[in-house]
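> This is a predicted model, with the sequence first.
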Amino acid sequence: MTKFQIPKGTFDILPYGAEEPWQLSSLWSYAEDVIRCTALEYGYREIRTPIYEQTELFNRGAGESSDIVMKEMFTFEDKGGRSMSLRPEGTSAVMRAFVENNLSQLRPVHKLFYIAPMFRYDRPQAGRYRQHHQFGVEAIGVSNPAQDAEVIDLLCETYRRLGLKDLTVELNSVGDVPSRIAFKEALQNYLRPHFQELSPDSQTRFEKNPLRILDSKDPKDREILKNAPSILESLSESAKAHFDELRLLLDECSIAYHINDRIVRGLDYYNKTVFEVTAKIAGAQNALGGGGRYDGLIGSFDGPDLPGVGFGTGIERILQTMVSQNIPLPQEMRPLAYIIPFGDEAKAPCFKLATACRHQKIPAEIDLQSKKIQNGLQNAIKLSAKICVIIGSEELKKGVAQIKYLESRHQEEIPLDGLISFLKEQL
Ligand code: HAM
């Protein structure tokens, strides 16, 4: 018979037995709790959209010349002959939902967040998967640079609350339309003499989207780009004012950043602010998160002409960085009481006790399998239970339970009718 295997570039998140500590479900739920709580405190509200959408949505949103759309989409035809794609990123999907549900009618400002799986048919490697999970936010309706600063601060604060250290915020502006027209010309003029030496991808992008060449990972391209002009020199007056004000706000809030005029991001919808946060960890993909402003995107989806700014950060990369930076990981939930019935007649009273514990919010486990007390005790140790409650026919006759503290090995008898109150005190 065929032994099935997990699809390449994906992984299981397990309660125990995970190959890597970042694949433990206790860590995922802890990080998701911290993320959710931080986003809610900053005024963001959760949005959930389907994991697949019409392919055209991503072509128009992320952009036909982006790697994500050109090379990495999981695209399929549904039974009705429509082209659908698994969501490679969240922003386009959220904008579709925003427009379709007429949310703009309800409030002037919308602050939305999501924690959701994304799908990119990429070459799997450390920190790069075909299914990854993103915490993303989208703030819609405010063009003031303070909104960009808030989004960057939320990203940094989330990382801080999770204990991450040694992070760098890299900041750039890709300007508005006039800035990009001016820069496109300056960049093409610079690259034209090197055209034949550029990688095939960059040659394709030369006419259509030369800015994307700045993002090339090809070593030859990178060498050529070393002396390329800076986009910051082509910023229009209003784009420059936006960038300067954002920097001032970040400075005032002591949010450290580096200007990196080579950051253009891999998606086509950005304008003005773009940023990435990187972590110093050896041998892994180091972009923890990134985002920027996308004024005009909602309009391009036939929605109202509202500005927007947001980010996405990979949860896998966050957890891997936590592990590599030796940040104390949350403990797995452990039972307070591990109840061992000794002999058949104790089984029903013990089950009743376990049920009563659970109804009183006392984490309790019952051993329904072991034939010997010793085996039961070993199971309790495996689960890191605090106390073993042992009840046999003798105990039932006397109306007591044997209590064994697993750490100190101290043992005592507790009357059955006071057992729940006793256990509650141990919580
Ligand atoms: P992105 O930079 O393409 O932006 O992805 C955001 C983050 O997702 C990356 O920084 C990285 O941590 C994680 N990530 C991306 N691809 C993978 C992968 N194959 N494996 C593991 N992690 C990955 C966006 O997707 C934008 N929608 C962000 C945004 C929201 N901009 C504005 N609003």
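Arrived safely, thanks for sending.
> on contacts alone, who are the packing partners of the host helix or strand of residue 355?
For residue 355, the host element (DSSP states H and E) is helix 347-359. Judged by 3 or more CB pairs under 8 Å, 6 or more residues apart in numbering; DSSP states H and E, helix 347-359 is in contact with strand 337-342, strand 364-366, strand 387-392, helix 419-426. No exception for glycine: its C-beta is placed from N, CA and C like everyone else's.
> Rounded mean pLDDT for that helix, please.
Here helix 347-359 scores 96 as its mean pLDDT.
> Alpha carbons of that helix, as PDB, please.
Provided in PDB are the C-alpha atoms of helix 347-359 (Å, rounded to 0.1, in the frame of the first residue of the first chain):
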ATOM      1  CA  LYS A 347     -13.000   3.100  37.000                       C
ATOM      2  CA  ALA A 348     -16.500   4.600  37.100                       C
ATOM      3  CA  PRO A 349     -15.800   6.800  40.300                       C
ATOM      4  CA  CYS A 350     -12.500   7.900  38.800                       C
ATOM      5  CA  PHE A 351     -14.200   8.800  35.500                       C
ATOM      6  CA  LYS A 352     -16.800  10.800  37.500                       C
ATOM      7  CA  LEU A 353     -14.000  12.500  39.300                       C
ATOM      8  CA  ALA A 354     -12.200  13.400  36.100                       C
ATOM      9  CA  THR A 355     -15.400  14.800  34.600                       C
ATOM     10  CA  ALA A 356     -16.100  16.900  37.800                       C
ATOM     11  CA  CYS A 357     -12.600  18.300  37.700                       C
ATOM     12  CA  ARG A 358     -13.000  19.300  34.000                       C
ATOM     13  CA  HIS A 359     -16.300  21.000  34.800                       C
END
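> Spatially, what comes nearest to residue 286 if we skip its sequence neighbours?
Spatially, and ignoring its direct neighbours in sequence, residue 286 is nearest to residue 278 (4.6 Å; CB to CB, 6 or more residues apart in numbering).
> Is it correct that that neighbour falls within a strand?
Yes. According to DSSP: H, G, I helix; E, B strand; the rest coil, residue 278 belongs to a strand.
> Relative to the ligand, which of the helices and strands packed on helix 347-359 is closest?
Nearest to the ligand among the helices and strands packed on helix 347-359 is strand 364-366; the distance by CB to the nearest ligand atom comes to 35.6 Å.
> Burial check on residue 291, number of neighbours?
26 (other CB atoms under 10 Å).
> what's the following helix or strand after the lowest-mean-pLDDT helix or strand in the chain?
One helix or strand of the chain scores below all others by mean pLDDT, DSSP states H and E: helix 67-71, with a mean of 85. Following helix 67-71 in sequence order, the next helix or strand is strand 75-77 (DSSP H and E).
> which residues sit against that next one?
Residues outside strand 75-77 that contact it (CB atoms under 8 Å, 6 or more residues apart in numbering): 55, 83-85.
> what about burial for these, which qualify?
55, 84-85 (16 or more other CB atoms under 10 Å).
> Reformat those as CSV; add distance to residue 334.
Formatted as CSV, those follow (distance: CB to CB, whole Å):
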residue, distance to residue 334
55, 47
84, 44
85, 42
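> Show the pLDDT at the residue nearest to residue 286.
95.
> Wait, it touches residue 170, no?
Yes. At 6.6 Å, residue 278 and residue 170 qualify as touching, with contact defined as CB atoms under 8 Å.
> got the CA coordinates for stretch 46-59 in PDB?
The C-alpha trace of stretch 46-59 is given here as PDB (Å, rounded to 0.1, in the frame of the first residue of the first chain):
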ATOM      1  CA  GLU A  46      -9.800  40.500  12.300                       C
ATOM      2  CA  ILE A  47     -10.800  39.700   8.800                       C
ATOM      3  CA  ARG A  48     -10.900  36.200   7.200                       C
ATOM      4  CA  THR A  49     -11.200  35.600   3.500                       C
ATOM      5  CA  PRO A  50     -11.200  32.300   1.500                       C
ATOM      6  CA  ILE A  51      -7.900  30.600   0.800                       C
ATOM      7  CA  TYR A  52      -8.600  30.900  -3.000                       C
ATOM      8  CA  GLU A  53      -9.800  33.600  -5.200                       C
ATOM      9  CA  GLN A  54     -10.100  34.400  -8.900                       C
ATOM     10  CA  THR A  55      -6.600  34.300 -10.500                       C
ATOM     11  CA  GLU A  56      -7.300  37.700 -12.100                       C
ATOM     12  CA  LEU A  57      -7.500  39.300  -8.600                       C
ATOM     13  CA  PHE A  58      -3.800  38.500  -7.900                       C
ATOM     14  CA  ASN A  59      -2.700  39.500 -11.400                       C
END
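> What residues sit buried inside the helix or strand residue 248 falls within?
Using DSSP H and E, residue 248 sits within helix 237-252. Across helix 237-252, burial judged by 16+ other CB under 10 Å covers 239-240, 242-243, 246-247, 249-250.
> any weak-confidence spans in the chain?
The chain contains residues with pLDDT under 70 at 281-285.
> quick check: domain ranges of it?
21-176+236-324, 337-426 (automatic domain parsing).
> hmm, the longest one in reach of the ligand?
The one in question is domain 21-176+236-324. Yes. Counting by CB under 6 Å from any ligand atom, contacts between domain 21-176+236-324 and the ligand involve 89-91, 120, 122, 127-129, 132, 134, 136, 138, 266-267, 287-292, 310-314, 316-317.
> From those, which land in helices?
91, 316-317 (DSSP state H).
> Can I get those in TSV including distance to residue 174?
Below are these laid out as TSV (distance: CB to CB, whole Å):
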residue	distance to residue 174
91	15
316	27
317	23
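> Need the residues you listed in JSON lines (columns: neighbour count).
JSON lines is the format used below for these (neighbours: other CB atoms under 10 Å):
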{"residue": "91", "neighbour count": "26"}
{"residue": "316", "neighbour count": "22"}
{"residue": "317", "neighbour count": "27"}
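> All good on my end, thank you.
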